[in-house]
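Q: With the input below, show me the fold.
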Amino acid sequence: MSDGLRKGLTSYGDAGFSLFLRKAFIKAMGYSDDALDRPIVGITNTHSDYNPCHGNVPQIIEAVKRGVMLAGAMPMVFPTISIAESFAHPTSMYLRNLMAMDTEEMIRAQPMDAVVVIGGCDKTLPAQIMAAVSADLPTVVIPVGPMVVGHHKGEVLGACTDCRRLWGKFRAGEMDEAEIEAVNGRLAPSVGTCMVMGTASTMACITEALGLSLPMSATIPAPHAERFRSAEQSGKLAAAMAVAKGPKPSELLTPAALRNAQVVLQAIGGSTNGLIHLTAIAGRTTYRLDLAAFDRLSREVPVLVDLKPSGDHYMEHFHHAGGVPKLLAQLGELIDLDAKTIYGSLRDAVAAAEDVPGQDVIRARNDPIRSEGAMAVLSGNLAPRGAVIKHSAASPKLLQHSGRAVVFDSLEDMAARIDDPGLDVAADDVLVLRNAGPQGAPGMPEAGYLPIPLKLARAGVKDMVRISDARMSGTAFGTIVLHITPESAAGGPLALVQNGDVIRLDVEARRIDLMVEDDELARRRQALPASRQPAPLRGYARLFHQTILQADQGCDFDFLTGQGGD
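A: All right, here's what the predicted structure looks like:
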């Protein structure tokens, strides 16, 4: 097998000439023969002026390069697309698979013996891990880290749990325009990802639990010097992995590692998005994530991390309390500590976990935030292939609830009517959004956090049962059922719901049901139009429409899974 610059030579029909030409052109960059004869570590550059979450990536890259060179290897930085949640239209999830394809193909196309992927904002870490699994080159993952907390009138603020809460107060008339503008400048006081347990922090913790990143890398705040020291150490490790030719993702992502990630997802009060991403990552291997088994874990694994939106603290507090290694120690036998990692095993991380006297962010097993895990998988006639609810961030009184459906047919329909004073809606109704799934939206946007109708918000209503085939930000609080599968655009039962139908939610029984007789549902199905959405004619949109999988399969493209497409 060829190494370094000799790896993956461009096809000219003459291998000697291919290497000669490659060296001639790269020497134009000023490299010496000594540099070019060393193992190569590729480093992804996901920085963009549109991506404040990745604002520290240039500094991280320099630290990684330093580590690679200190270890005697050659760093080579290459760009991939950069996805920022609040800037990507129609939604960052629409672009996750494109980033995975871009990253995988650039790893394959360019000579490197190991790769360091740098990501953070919501969909970038899963995209990069999906790519790394498929390319199966020795890989070190570096999360960019969470931003530090903000403050307003003596209150600690976090993007974006508090942005949603305070925006809700503004909508309800409890905060004026001058104050909401002041809050707007204080919610995100530094570069980095959201400092609550949103999707970015969730995926960073999952990555550490999978053994793909160094201990503590999930929680180090983005601006801290420790973040760059960790990046330097990651570069050193990547150089060693380049020489050793491993471990590769295929050696690390075992059933034990995937189960560990699921345990951590429940214990941290993680984002429901994390379940879709972990399902997609597993789908790139020879294994699969079983939703029923994940739900069984939710009965066994307590929520131990007191972090918004399930608790009170923020990521920097989690870090200073001992981070993921301390959490793994508290989880005890629920974690397989012998699972292999890029640095050894999880047992090594737990052995080095810091004990912080008096910290109350990472709870003991006998003093959990919640006795059950963060999220539950629901079934029923409204979700034949499943739905999910983050019940750790829901109103307990609504976890068993029956109410009248108030249906919105699309994002546009919801936007047009949700604040209409004439909307027929009451606090105990169930808000329903459909055609917001992978195909229907497209891209399954984070629209599942349906706003409380304006007239109810102004009357003091803070939460309602809301259901959809969309996703929801991990930063959000509410009694919200998501990922209804199959989605309505694919003919799922959500397409059959009518205004006034009774919907029953029973989280303890793991059910979400439409209380309509089967023969009436069959009649409604017969009346559905044959085609509910025209297929895009060209480009990525057409590829997406034709090959996107449903939420229970991770929303990957069918031909990118471990088994490939038809």
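
Q: So the closest residue to Ser271 other than its chain neighbours: helix, strand or coil?
A: Nearest-residue entry for Ser271: Gly474, 2.3 Å, with adjacent residues in sequence omitted and distances by C-beta to C-beta, 6 or more residues apart in numbering. From N, CA and C alone the C-beta is placed, and that goes for glycine too. Under the three-state scheme (DSSP: H, G, I helix; E, B strand; the rest coil), Gly474 adopts coil.

Q: do the one 3 residues further on as well
A: Judged by three-state DSSP, the three-state class of Phe477 is coil.

Q: Hmm, it is touching Cys163, no?
A: No: counting by C-beta atoms under 8 Å, Phe477 does not reach Cys163; the two are 11.9 Å apart.

Q: quick one on the thing from earlier: report the contact partners of the residue nearest to Ser271.
A: Contacts for Gly474 (C-beta atoms under 8 Å, 6 or more residues apart in numbering) come out as 196-199, 201-202, 270-274, 309, 390.

Q: which ones among those are found in strands?
A: Assigned to strands by DSSP state E, none of those qualify.

Q: Please spell out the segments of the stretch 101-250 of the chain that come in under the pLDDT threshold.
A: The model of the stretch 101-250 of the chain has no residue with pLDDT under 70.

Q: quick one, helices of it?
A: 124-135, 161-171, 177-184, 199-209, 225-244, 249-252 (DSSP state H, counting those that start in this stretch).

Q: What helices and strands are in contact with the second one?
A: I take that to be helix 161-171. In this structure, helix 161-171 packs against helix 177-184, helix 454-457, with contacts taken as 3 or more C-beta pairs under 8 Å, 6 or more residues apart in numbering; DSSP states H and E.

Q: Mind listing residues that contact it?
A: Helix 161-171 has contacts (C-beta under 8 Å, 6+ apart) with 157, 175-177, 179-180, 183, 187, 194, 196, 198, 308-309, 449, 451-452, 454, 457, 462, 473, 475-477.

Q: Check the first one too.
A: Residues outside helix 124-135 that contact it (C-beta under 8 Å, 6+ apart): 44, 46, 54, 82-83, 96-97, 99-104, 107-108, 115, 117, 119, 139, 141, 143, 200, 203-204, 207, 210, 212, 249-250, 253, 277-278, 280-281, 284-285, 556, 560.

Q: in the stretch 401-550 of the chain, which spans are helices?
A: Going by DSSP H, counting those that start in this stretch, the stretch 401-550 of the chain shows helices at 411-417, 454-457, 518-527, 539-547.

Q: that older thread, so which of the contacts of helix 124-135 belong to strands?
A: Taking DSSP E as the definition of strands, the contacts of helix 124-135 contribute 44, 115, 117, 119, 139, 141, 143.

Q: Give me the neighbour count for the spatially closest residue to the third one that is not a sequence neighbour.
A: Closest residue in space to Val117, ignoring its immediate chain neighbours: Gln128 at 4.0 Å, by C-beta to C-beta, 6+ apart. In terms of burial, Gln128 registers 31 neighbours under the definition other C-beta atoms under 10 Å.

Q: Show me how this protein divides into domains.
A: 38-148+190-351, 150-184, 376-534 (automatic domain parsing).

Q: before we move on, back to that, could you identify which of the helices of the stretch 101-250 of the chain is most buried?
A: Among the helices of the stretch 101-250 of the chain, ranked by average contacts under mean count of other C-beta atoms under 10 Å, first place goes to helix 199-209 (a mean of 30).

Q: Just the C-alphas of that helix, formatted as PDB.
A: C-alpha atoms of helix 199-209 as PDB (Å, rounded to 0.1, in the frame of the first residue of the first chain):
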ATOM      1  CA  THR A 199     -27.400  19.600  18.800                       C
ATOM      2  CA  ALA A 200     -23.900  20.900  18.500                       C
ATOM      3  CA  SER A 201     -23.000  20.100  22.100                       C
ATOM      4  CA  THR A 202     -24.900  16.800  21.900                       C
ATOM      5  CA  MET A 203     -22.900  15.700  18.900                       C
ATOM      6  CA  ALA A 204     -19.600  16.700  20.500                       C
ATOM      7  CA  CYS A 205     -20.500  14.600  23.500                       C
ATOM      8  CA  ILE A 206     -21.500  11.700  21.300                       C
ATOM      9  CA  THR A 207     -18.300  12.000  19.400                       C
ATOM     10  CA  GLU A 208     -16.300  11.700  22.600                       C
ATOM     11  CA  ALA A 209     -18.400   8.800  23.700                       C
END
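
Q: other SSEs contacting it?
A: On a contact count with 3+ C-beta pairs under 8 Å, 6+ apart, helix 199-209 meets helix 124-135, strand 139-143, helix 255-267, helix 272-283, helix 323-331.

Q: residue contacts, Leu275?
A: Counting by C-beta under 8 Å, 6+ apart, Leu275 touches 265, 289, 294, 375, 388, 483.

Q: In strands only, show me those.
A: The strands, defined by DSSP E, take in Val388 from the contacts of Leu275.

Q: need the contacts of Leu275 in CSV with distance to Met414, pLDDT and neighbour count, can you?
A: Shown next, in CSV, are the contacts of Leu275 (distance: C-beta to C-beta, whole Å; pLDDT from 0 to 100; neighbours: other C-beta atoms under 10 Å):
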residue, distance to Met414, pLDDT, neighbour count
Leu265, 29, 97, 28
Leu289, 30, 95, 23
Phe294, 29, 97, 23
Met375, 24, 96, 28
Val388, 20, 98, 29
His483, 18, 98, 31
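
Q: ok, so what distance separates the nearest residue to Gly323 once chain neighbours are set aside from Ile335?
A: Counting by C-beta to C-beta, 6+ apart, Gly323 lies nearest to Thr219, which is 4.2 Å off, once chain neighbours are set aside. According to C-beta to C-beta, to the nearest Å, Thr219 and Ile335 sit 17 Å apart.

Q: Please apply the same query to Glu316.
A: 24 Å.

Q: And for Met472?
A: Relative to Ile335, Met472 is positioned 27 Å away (C-beta to C-beta).

Q: Ok, Gly492 next?
A: Between Gly492 and Ile335 the distance is 35 Å, computed by C-beta to C-beta.

Q: Asn381 and Leu494 touch, don't they?
A: No: with contacts counted by C-beta under 8 Å, Asn381 stays clear of Leu494, the gap being 10.8 Å.
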